[in-house]
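[1] I'll drop the sequence and a predicted model, then ask my questions.
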Amino acid sequence: MWPAFAVAAVCALAIALVMFVLPGGDASPKSLRVAGRLGAAPVAEFPIPYPQGRQRVRTTIRGSGQVVKTGMPVLLNLTVFSGETGEILSPGSRPQLIQATATNDDLTREMAPLVIGHTEGSRVVVSRPATRDGKETMEIAVIDILPTAVIGERLEPADAPAKIKIENGLPQLVSHSDKAPLSPYLGVLVKGDGKQISATDKVVVQYGVWNWSDSKEVAFTWPKGPQLVDIAKTFPGVRELVADQTLGSRLLLVIPAEQATGTDTLIVVVDLLAQPDEGKAKQKDANK
């Protein structure tokens with residue numbers, strides 16, 4: 001019910017997960033380090049060729065978000081490296097942003113156990129045996145489990161024309177003032193410390209939308225999971241208010257009808273979660 005948001009799939013899941021299809025066991029890496037902030041293109045340092053062995057899983061960043069349970073929506077950044085050459089196997093040498101459900105069917109039976117049971121905000125690093133072109137080799141996978149909802153200190157924006165409560169982690173409209181504002185309103189409910197976004201960026205978001213006239217909910221993404229949105233294709237009022245805000249923020253927007261659907265003022269809560277990273281992953285040979 002928010003067509004101007006031009007909702008799209010975050011990533012072609014099958015393309016990303018084709019990199020991650022073979023089972024392994026437990027193995028002990030000689031040397032494996034991964035640097036870079038959560039959600040960004042990682043830098044992996046390991047010896048080339050990486051020593052053969054069974055699968056090993058390490059959590060190098062432990063997040064403070066909710067625990068991923070079977071069937072929950074998840075937002076992941078997946079980067080896969082060849083243990084034989086150090087080549088980045090992910091398309092374009094970039095992390096693949098994946099929006100999926102935490103099930104064996106959606107994530108594959110090999111990847112799902114590496115995500116389920118971990119907290120959002122975590123980084124899981126996996127070294128595992130694989131077969132490439134008929135040859136036994138090793139692969140390194142870096143899985144960033146990104147938040148599917150903004151977490152942070154709740155702020156009370158001044159003169160807010162609408163009241164929002166958080167129930168079970170989800171925003172709900174409680175009430176609004178008698179008279180709709182004549183100009184767009186922006187209130188920051190949680191201030192993120194991520195990258196500042198522009199009016200031309202594509203951003204992964206969660207959002208809820210309510211009509212002002214009858215308080216009817218017309219869109220709510222949280223049950224299905226995050227959506228990738230082209231800010232340039234949103235309503236003019238949304239584009240104006242979201243530009244220059246930071247990732248990790250939760251915003252309250254009130255958009256007059258003429259800058260939204262043309263028929264009703266809209267009340268919007270939007271979580272700015274992540275962006276596809278245009279940076280390329282890197283590999284360093286630990287033998288050098």
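    That came in fine, so what should we check first?

[2] burial of residue 164, as a residue count?
    By other CB atoms under 10 Å, the residues close to residue 164 number 22. The way it works is simple: take the backbone N, C-alpha and C, and place the C-beta from them, glycine included.

[3] how about low-confidence regions in the stretch 151-288 of the chain?
    The stretch 151-288 of the chain contains residues with pLDDT under 70 at 278-279.

[4] where do the strands sit along it?
    162-167, 170-176, 185-190, 202-211, 217-220, 227-230, 250-255, 266-274, 282-285 (DSSP state E, counting those that start in this stretch).

[5] same list (these) but as a markdown table, adding distance to residue 53.
    Below are those laid out as a markdown table (distance: least, CB to CB, whole Å):
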| stretch | distance to residue 53 |
| --- | --- |
| strand 162-167 | 45 |
| strand 170-176 | 43 |
| strand 185-190 | 43 |
| strand 202-211 | 35 |
| strand 217-220 | 46 |
| strand 227-230 | 37 |
| strand 250-255 | 43 |
| strand 266-274 | 33 |
| strand 282-285 | 18 |
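
[6] closest one to residue 141 among these?
    Nearest of the strands of the stretch 151-288 of the chain to residue 141, taken as CB to CB: strand 282-285 at 12.9 Å.

[7] need the contact partners of the longest helix along the chain.
    Counting by DSSP state H, the longest helix found in the chain is helix 236-242. Contact with helix 236-242 is made by 4-5, 184-186, 197, 199, 203, 231-232, 234, 251, 253, 255-256, 259-260, 266, 268, 270, 272, as judged by CB atoms under 8 Å, 6 or more residues apart in numbering.

[8] these two touch, right, residue 226 and residue 150?
    No. Residue 226 is beyond contact range of residue 150, at 11.0 Å (criterion: CB atoms under 8 Å).

[9] overlap of the contact sets of the two?
    The contact lists of residue 226 and residue 150 share residue 273, where a contact means CB under 8 Å, 6+ apart.

[10] follow-up on the earlier one: how far off centre is the longest helix of the chain?
    Its chain's C-alpha centre and that of helix 236-242 lie 21 Å apart, by CA atoms, centre = their mean, to the nearest Å.

[11] before we move on, back to that, nearest to residue 137, out of the strands of the stretch 151-288 of the chain?
    strand 282-285 (14.4 Å).

[12] can I get the CA coordinates of the closest one in PDB?
    Extracted as PDB, the C-alpha positions of strand 282-285 are listed here (Å, rounded to 0.1, in the frame of the first residue of the first chain):
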ATOM      1  CA  LYS A 282      39.600  -7.900   0.200                       C
ATOM      2  CA  GLN A 283      41.800 -10.800   1.000                       C
ATOM      3  CA  LYS A 284      45.300 -10.700   2.600                       C
ATOM      4  CA  ASP A 285      47.700 -13.700   2.400                       C
END
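
[13] cool, thanks, talk later.
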